[in-house]
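S.K.: fold the following for me, if possible:
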Amino acid sequence: MKKILAFLAAASLALLAACGTKDNGEAITAVGSSALQPLVEAAASQFQTDNLGVFINVQGGGSGTGLSQIQQGAVEIGNSDLFAEEKAGIDASKLVDHRVAVVGIAPIVNKQVGVTSLTVVQLRRLFTGEITNWKQVGGPNLPVVVVNRAQGSGTRATFEKWVLQDRQPKAAQEQDSTGMVRSIVASTPGAVSYVAFSYVDKTVQALALSGVKPTDTNVATNAWPIWSYEHMYTRGKPTGLTKRFLAYVESPATQNRLVAKMGYIPMTKMQVERDADGNVTKR
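M.R.: Next up, the predicted model:
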């Protein structure tokens, strides 16, 4: 009986070791940007299929959450649409930036609006409350209903940086989920908001800016200015499973297949670079 118990105990320990924990690097958590979440989830699923016995837990919560959680060391990866330098309270010097993709952000409207293109100034005035009816920009006699992402959202911060340009947005309903934003815009007459390109579908109308359409090609040259890098931050240089997973996401195979398939722009396609201060240079 003692031999049997000893064998079972040893087998249990071996099983625990094989399953892995955070301590031995076989399970990690990535938290943050909801715009980046679909890509990280898809990459994690494929990586786990190819590497049995590892587990990658992916959660949303917004870029602010991702940056604060990785700074605190509560997770292995903090996903963000923002540079760490752009977020108050974050010490970027303690974090390592891994840029894994670029995401374009498109303004979207309810299809009943009938407007397909605005100037940046007109779009800004919609979100600051200076324009309150769509007839003021060539649309029908329909009140403007602004839908915002919640504070802490990297998508919101990027949109406001390049469209509002430090103007104060009007008070409006806020949503944590990009998917919920799209759903509300699709079902609410007069609604306007903004989402990552990967969330644009036939239920809403994406707006052009002065005739320039929100496309990957236009983002790659900065002809479309509302875009951001997708960052996967680590606290110091990554090791173990974190290092292997990031290498997988950054690999040419993943960039050329999965990243593009998921509606993001591979880093290799960008013809320009942009720093945390917004300065753009050619690659």
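S.K.: every contact and neighbour count from this point should use C-alpha atoms.
M.R.: Noted.
S.K.: so for the longest strand along the chain, mean pLDDT?
M.R.: Counting residues, the longest strand found in the chain (DSSP state E) is strand 99-109. Averaging pLDDT along strand 99-109 gives 96.
S.K.: what sits against the most centrally placed residue in the chain?
M.R.: Central residue of the chain (C-alpha atoms, centre = their mean): Ala35, 2.6 Å from the mean position. Contact analysis of Ala35 by C-alpha atoms under 8 Å, 6 or more residues apart in numbering lists Asp81, Val103, Thr155, Thr178, Ala196.
S.K.: in strands, which of those residues fall?
M.R.: Val103, Ala196.
S.K.: about what we covered before: can you give the contact residues for the next helix or strand after the longest strand of the chain?
M.R.: Following strand 99-109 in sequence order, the next helix or strand is strand 117-118 (DSSP states H and E). Applying C-alpha under 8 Å, 6+ apart, the contact partners of strand 117-118 are Val137, Leu207, Ala208, Leu209, Ser210, Gly211.
S.K.: how about the first one, what does it touch?
M.R.: Think Val137. Leu118, Gln122.
S.K.: where's it relative to Leu118, distance?
M.R.: 8 Å (C-alpha to C-alpha, to the nearest Å).
S.K.: isn't Val204 right next to Gly179, touching?
M.R.: No - counting by C-alpha atoms under 8 Å, Val204 does not reach Gly179; the two are 11.9 Å apart.
S.K.: on that earlier part again, among the contacts of strand 117-118, which ones are buried?
M.R.: Among these, those buried by neighbour count (16 or more other C-alpha atoms under 10 Å) are Val137, Leu207, Ala208, Leu209.
S.K.: columns pLDDT on top of the contacts of strand 117-118, output as JSON lines?
M.R.: Formatted as JSON lines, the contacts of strand 117-118 follow (pLDDT from 0 to 100):
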{"residue": "Val137", "pLDDT": "97"}
{"residue": "Leu207", "pLDDT": "98"}
{"residue": "Ala208", "pLDDT": "98"}
{"residue": "Leu209", "pLDDT": "97"}
{"residue": "Ser210", "pLDDT": "95"}
{"residue": "Gly211", "pLDDT": "95"}
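S.K.: quick revisit: closest one to Met270 out of the contacts of Ala35, please.
M.R.: Val103 (11.0 Å; C-alpha to C-alpha).
S.K.: so which residues of the stretch 101-250 of the chain form helices?
M.R.: Listed in chain order, the helices of the stretch 101-250 of the chain (DSSP state H, counting those that start in this stretch) span residues 120-128, 154-159, 178-187, 216-220, 240-250.
S.K.: and of those helices, who's closest to Ser228?
M.R.: helix 154-159 (6.8 Å).
S.K.: so which elements touch the closest one?
M.R.: Using 3 or more C-alpha pairs under 8 Å, 6 or more residues apart in numbering; DSSP states H and E, the elements in contact with helix 154-159 are strand 145-149, strand 191-196.
S.K.: now do 10 Å
M.R.: helix 63-72, strand 77-80, strand 99-109, strand 145-149, strand 191-196, strand 227-235 (3 or more C-alpha pairs under 10 Å, 6 or more residues apart in numbering; DSSP states H and E).
S.K.: and the lowest mean pLDDT element among the helices and strands of the protein?
M.R.: Counting by mean pLDDT, DSSP states H and E, the chain has its least confident helix or strand at helix 2-19, which shows a mean of 39.
S.K.: go through stretch 74-92 and flag the buried ones.
M.R.: 75-84, 87, 90, 92.
S.K.: quote the end-to-end distance of it.
M.R.: Terminal residues of stretch 74-92 lie 16 Å apart, using C-alpha to C-alpha.
S.K.: and stretch 44-64, by the same measure?
M.R.: 22 Å.
S.K.: in that stretch, which residues are buried?
M.R.: So for stretch 44-64, counting by 16+ other C-alpha under 10 Å, buried means 44-45, 47, 54-56, 58-64.
S.K.: gap between that stretch and the chain center?
M.R.: Relative to its parent chain, stretch 44-64 has a centroid offset of 15 Å by C-alpha atoms, centre = their mean, to the nearest Å.
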